[in-house]
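> for reference, the sequence and a predicted model appear below.
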Amino acid sequence: MSDRPLSMFKLSIAVALGLWLGFVAIVLTGWLASRYLFEQPVAQVVQQLGKPPAVTPEPPNQMFEQYQQNLHKQEQQQAMEQARANPRNLSNPKCQFWLQQDQNAPSDKSRANVLQLCD
């Protein structure tokens, strides 16, 4: 019976040592895996954060330019409609000529003359 407490002590020591070595093995494996898997991208991100961003000129905003062109066309159309609706332009032969030209063959020249000659 005296061997029994000694064997229980040896067994307890062996189990504790096995648990400790298992814990150390798991911690070392996790540490090595984190260094191998995550350290390189983190280093690159930190390196990129240290560099100022390159300033590149922005290309012209095509949507804004198109919006401005459409707005200009709408303003011209409103001016043309006002010129057609104004009764004073009925007695102006030059205005009538260019209004008719713009109606039959619209062009930049005819619009410019209507806007210049009509009220």
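Received, thanks.
> and the longest helix along the chain, what's its mean pLDDT?
Using DSSP state H, we find that the single longest helix of the chain is helix 3-50. The pLDDT scores in helix 3-50 average 82.
> just how off-centre is it within its chain?
Centroid displacement of helix 3-50 relative to its chain, using Cα atoms, centre = their mean, to the nearest Å, is 44 Å.
> also stretch 75-86?
40 Å.
> mind giving me the domain ranges of this structure?
Structural domains assigned to the chain are 1-56, 62-117, following automatic domain parsing.
> just name the most buried of those.
Neighbour counts (mean count of other Cβ atoms under 10 Å) averaged over each of the domains of the chain peak at domain 62-117, with a mean of 13. (C-beta placed from N, C-alpha, C; glycine too.)
> and the end-to-end length of it?
Using Cα to Cα, to the nearest Å, one end of domain 62-117 lies 33 Å from the other.
> what's the longest helix of the chain packed up against?
Contacting helix 3-50 under the criterion 3 or more Cβ pairs under 8 Å, 6 or more residues apart in numbering; DSSP states H and E is no other helix or strand.
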